[in-house]
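J.: Structure for this input, please:
(3 chains)
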Amino acid sequence: MSPVVRLLVKRLGISLIVLVGVSMLIFAIARVIPGDPARIALGPNASAEQVEALRDRLHLDEPLPVQYGYFLADLARGDLGVSLYTNRPVMADIAQFLPATLELIIVAGIMMIGIGLPLGVLSARYRGSWVDNGVRLVSLLGVSAPSFVWAVILMLLFAFFLPIFPIAGRISDAFAVPHATGFLLIDTLLAGNLRAFGSAAWHIVLPAFALALSGIGQAARLTRSNMVETYDKPYIEMAQSYGFPERRIARRYAFRPSLIPSLTIIGLDFAAMLGNAFLVEAVFAWPGLSRYGVAVILRKDLNAIVGTVLVISALFLIVNIVVDLLIAFINPRIRLSQRAS
Amino acid sequence: MKRTLTILIRNPLSLLGLTLVALVVLSALFADFIAPFPEHRGAVVDFANFNRAPEWPYIFGTDLVGRDLFSRILYAYRISLLLGIVVLVIAVPIGVTIGLAAGYLGGWTEFVLMRVTDVFLSIPPLVLAMSMMGLLEPTLTNGMLAVTAMWWPWYTRLVYNLARSEREEGYVLAAEVIGAGKAHIMFREILPNCVPSILTKMTLDLGFVILIASSLSFLGLGVQPPTPDLGSMVADGSKYLPDSWWLTVFPGLAILVAVFGFNLLGDALREILGAEQ
Amino acid sequence: MTAPTLRIEDLVLKFRTYSGMVDVLHGISLHIQKGERVALVGESGSGKSVTARIVLGLLQSLRTARISGHVDFEGRDLMAMHDAERHRLRGTKMSMIFQDPTSSLNPVYTIADQFREVLSRAEPGLTEAAARQKAVAALTDVAIGEPERVLDSYAFQLSGGMNQRVMIAMALANEPSLLIADEPGTALDVTVQAQTLRLMGELVEKHHTSVLFISHNLGVVREFADRVYVIYKGRIVEHAMTRDLFENPRHAYTRALMSAVPRITGGGIPEIDDASPDFLAPLIVHEGCAEPGAPV
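T.: Below is the predicted model of the structure:
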């Protein structure tokens, strides 16, 4: 079995264990909180019988491990319970809101890599110059404010003072887009409606950028420091001694080896955006999973909370695995892992 | 120590960081003396002066019940710093100890401890804290609890990696041969070698704790009014964009300044301590 | 008589640091005739490595470096040249091999990839097939038994000795006039080092390549070099034909070097009290070793 496949299997195995652990953790937290979940859900006007009935239905009076058992059984059937907030199956809620968040994160991720990496390379190439210092300062600023601060500032600047971008929502109300994947950017193209596509794209720019700013800053800083470190390595000096053009050295010789240590952290940042999405979705009224997540947390909607956290953690783990695979692919040392004599 | 300080002062960027951090710390400590309206940190109302744009004596403007924003920001710094320090003081020892144990003792201990750490690490940072805060009452203490719970794994990961490589070093083997106890080796031999990394991370983390805490309160999951808090100030003010822009911009900038300062400082420390190694 | 391959005259190097100007080279002069093998011997920090880098032009890009003096390559003044022209010489007319062969090769590209880059320096339009052929030939020259397999490997998959030979093959592939060897083989086993040096000697003999050999290891120098310059703290203190130097070392520092207990790592030269002005000037030049153009 090739080392990469072996790596994949091992990571999947560990991730599964971890995911089980996550479910236990969040389950425990959710059940252990003060207050009666059934009472909270039904409100102060419900009668004692109604509360009892709900408690019975949710198995709230049984020991914790038993409750967890019920939970796992339901999960195997794809049933995450019913949300007391929307009165719909949690699965349905997640299916509705997840694509919006995913779309936002993917666009932000593309920005992070597409803007952050080149900035870092530029910064390393012109190390010490004003380009370098400028990029470093801006990157650090990007990392230093929470996404909601950037969201607010961007909104003020580019939606209010300079009304270039729309303020809220995923797409202008004027368009009705048939639901295919849930990704508006794809669905509009599938429907052949270019103007709708434009509207969706225009709507996603500001929130994705606000989300990505911190990641861009981090990617730029990381790429820069890794490339600077790589530049000090002997094989770069050897390349220079052979007179390889500077640009070629920067692009081919220095970039790929420095990518390897960066990838892990970039992967982590991408995954951290899952958390920051909450903040951006709140500011831009983006109908995604994160906004749903905040709402159910504020309402102590247990099923929904557990479901949402599980899905987000699973996503997080998947991203990490993908990143690890990418690293294994790029780094020949892992890919080959045998020593020829 | 003195040498580190000298180097920090000579580099313009780290000097900036040092200045900003000093500003934040001093604001927090001496808010009572600097704030023009110290009573505004509480539940005071002054409707005659509500929602004023920045002008003397309200240099950052006033909020919707007439409180001076500048004063409130100073007091909010106090809360933020307090949160940061408490979180780190609790999270770091826990995380470091677990990391040392996992890294040095190996075997099943390592497996179990690191899997537990992985569980905490696999929930995106904000999400874990949010969930906890949502399920508990939103108070300052619970906020500290939630953030601490999500923070310690990072130190575990850091120290675990360090301990694992130090495990093979000569001085560890020497200590084992002499018959030093496991605890002694972990805390007296390996730990001192990890201290520079831990310190750097702590400086950077002070900024990040402030960032995370403000994010939590932005979502309504942090301290409750009337306690001044930067995140909730931004949240409250965001409803009145763009007219009363000062309600969001100044608290937001206050967050930026604090975190930026700690980041600059932490970066400079990392370069200095890294170069020395 | 043709111009010497390399002629350095009064080379001075200073660095601007936070604590002021640091003098590294105080005006050194050396020359290498075509086909000669000249060694520059000294301990770490003596300035021998920076000298090599100045010849290649690698140091000039540093903004904190202040360089003055003459460096002539095959009769042409390197310092007066345009950057582009100077750049063209690198990898084609002059090349360098480094101390640690495995870390001098890029870890994420195959040997074949890197070889092709090197060969393209001399022949920009080289096809992949032609490049591979040349690479195989070059690797065979350095006594590598399975050149095809080596070409498709990564540096970390090959042994140190193998990588060293790959480096030598690369350096000589474009038939340079000058080969600079910076502590070659220091990172290798003593026996492997000896083998590799012998191989290098045969090859430079065959191609009439001039060699500037930088080392702190006297044993190796004795085996390999025709002429030796001894450098101490940025100044040349003695200059002689190899045999003369070893039979009759005259400068105090040279003698200290030779009497130092040989160690595998080659370190630990006692600090010499250089208070006396005689110690540093005039430099001791053995018979038959004058710099070309210098008054006898």
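
J.: for chain A, what are the nearby residues on the stretch 51-200 of chain C?
T.: C:56, C:58, C:63, C:87-92, C:95-96, C:98-100, C:103-109, C:117-118, C:121, C:149, C:153-154, C:156-159, C:167, C:170 (C-beta under 8 Å from any C-beta of the partner chain). Every residue, glycine included, has its C-beta placed from N, CA and C.

J.: Can you say which of those residues are buried?
T.: Restricting these to buried positions leaves C:56, C:58, C:87, C:89-92, C:95-96, C:98-100, C:103-109, C:117-118, C:121, C:153-154, C:156-159, C:167, C:170, with burial counted as 16 or more other C-beta atoms under 10 Å in any protein chain shown.

J.: what's the longest helix in the chain?
T.: Using chain A here. Using DSSP state H, we find that the single longest helix of chain A is helix A:194-231.

J.: The chain in question should be chain C.
T.: The single longest helix within chain C, with elements called by DSSP H, is helix C:190-207.

J.: any idea where the strands of the stretch 101-250 of chain C begin and end?
T.: Using DSSP state E, counting those that start in this stretch, the strands found in the stretch 101-250 of chain C span residues C:178-182, C:210-215, C:227-232, C:235-241.

J.: The last one pairs with which strands, parallel or anti?
T.: Each strand pairing with strand C:235-241, determined using DSSP bridges, is listed with its direction: strand C:227-232 (antiparallel), strand C:284-285 (parallel).

J.: Please work out which of those is packed deepest.
T.: Taking mean count of other C-beta atoms under 10 Å in any protein chain shown as the contact definition, the stretch among the strands paired with strand C:235-241 with the greatest mean neighbour count is strand C:227-232, which reaches a mean of 25.

J.: Let me know the angle separating it from strand C:210-215.
T.: 40 degrees (axes from the mean of the first three to the mean of the last three C-alpha atoms, to 10 degrees).

J.: and strand C:227-232, average pLDDT?
T.: In this model, strand C:227-232 has an average pLDDT of 88.

J.: do stretch B:94-107 as well
T.: Along stretch B:94-107, the predicted local confidence has a mean pLDDT of 86.

J.: That stretch and chain A, are they touching?
T.: No - counting by C-beta under 8 Å from any C-beta, chain A is not contacted by stretch B:94-107; separation bottoms out at 14.9 Å.

J.: Outside of that stretch itself, list whatever touches it.
T.: Contacts of stretch B:94-107 from elsewhere in the structure, counted by C-beta atoms under 8 Å, 6 or more residues apart in numbering or on different chains, are B:109-110, B:113-114, B:117, B:151-164, B:166-167, B:172, B:182, B:185-187, B:190-191, B:194, B:198.

J.: isn't there a strand covering C:Val24?
T.: Yes - the assignment for C:Val24 is a strand, going by DSSP: H, G, I helix; E, B strand; the rest coil.

J.: Now do the same contact list for the nearest residue to it once chain neighbours are set aside.
T.: When the adjacent residues along the chain are set aside, C:Val24 lies closest to C:Leu13, with 4.6 Å between them (C-beta to C-beta, 6 or more residues apart in numbering or on different chains). For C:Leu13, the contacting residues are C:Asp23, C:Val24, C:Leu25, C:Gly47, C:Val50, C:Ile54, C:Leu59, C:Ala65, C:Arg66, C:Ile67, C:Gly234, taking C-beta under 8 Å, 6+ apart as the criterion.

J.: Among the buried ones among the residues of the stretch 51-200 of chain C next to chain A, which are located in helices?
T.: Restricting these to those inside helices, with DSSP H as the criterion, leaves C:Leu56, C:His87, C:Leu89, C:Ser103, C:Ser104, C:Glu117, C:Val118, C:Arg121, C:Met167, C:Met170.

J.: shouldn't the third one be in contact with C:Phe73?
T.: This points to C:Leu89. Yes - because the distance of 6.9 Å satisfies C-beta atoms under 8 Å, C:Leu89 is recorded as touching C:Phe73.

J.: okay, stretch A:176-187 in PDB with CA atoms only?
T.: Output in PDB follows, covering the C-alpha atoms of stretch A:176-187 (Å, rounded to 0.1, in the frame of the first residue of the first chain):
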ATOM      1  CA  ALA A 176     -35.200  33.600  -8.200                       C
ATOM      2  CA  VAL A 177     -32.600  30.900  -8.600                       C
ATOM      3  CA  PRO A 178     -33.600  27.300  -8.900                       C
ATOM      4  CA  HIS A 179     -32.000  25.300  -6.000                       C
ATOM      5  CA  ALA A 180     -29.500  22.800  -7.300                       C
ATOM      6  CA  THR A 181     -26.400  22.600  -5.100                       C
ATOM      7  CA  GLY A 182     -27.200  25.400  -2.800                       C
ATOM      8  CA  PHE A 183     -24.000  27.200  -3.900                       C
ATOM      9  CA  LEU A 184     -25.400  30.300  -5.600                       C
ATOM     10  CA  LEU A 185     -22.400  30.800  -7.600                       C
ATOM     11  CA  ILE A 186     -22.800  27.400  -9.200                       C
ATOM     12  CA  ASP A 187     -26.600  27.400  -9.300                       C
END
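
J.: Pull up the residues of the stretch 151-300 of chain A that are close to chain C.
T.: Taking C-beta under 8 Å from any C-beta as the measure of proximity, the stretch 151-300 of chain A contacts chain C at A:233-235, A:237-244, A:252-253, A:256-257, A:260.

J.: which bits of chain B sit near chain C?
T.: For chain B, the residues in contact with chain C under the definition C-beta under 8 Å from any C-beta are B:Arg10.

J.: related to what we said a few turns ago, which two of the residues of the stretch 151-300 of chain A next to chain C have the greatest separation?
T.: Across these, the two members that end up farthest from each other (C-beta to C-beta) are A:Gly243 and A:Ile260, 26.2 Å apart.

J.: Those two: which has the busier surroundings?
T.: Neighbour comparison, A:Gly243 and A:Ile260: the larger count goes to A:Gly243, with 21 against 18 (by other C-beta atoms under 10 Å in any protein chain shown).

J.: ok so the more buried one is a helix residue?
T.: No - A:Gly243 is assigned coil when assessed by three-state DSSP, not a helix.

J.: Now it: phi and psi?
T.: When quoted as degrees, to the nearest 10, the phi and psi of A:Gly243 stand at phi 80, psi 20.

J.: surely it meets C:Met96?
T.: No - in terms of C-beta under 8 Å, A:Gly243 does not count as a neighbour of C:Met96; the distance is 10.6 Å.

J.: Now the residue positioned nearest the centre of chain A: which helix or strand?
T.: Centrality entry for chain A: nearest residue to the mean C-alpha point is A:Leu274, 3.0 Å, by C-alpha atoms, centre = their mean. Assigned by DSSP states H and E, A:Leu274 belongs to helix A:255-284.

J.: could you say what helices and strands that helix packs with?
T.: The contact analysis (3 or more C-beta pairs under 8 Å, 6 or more residues apart in numbering or on different chains; DSSP states H and E) places helix A:255-284 against helix A:90-111, helix A:147-155, helix A:194-231, helix A:289-298, helix A:302-330, helix B:125-135, helix B:191-218.

J.: Great, nothing more from me.
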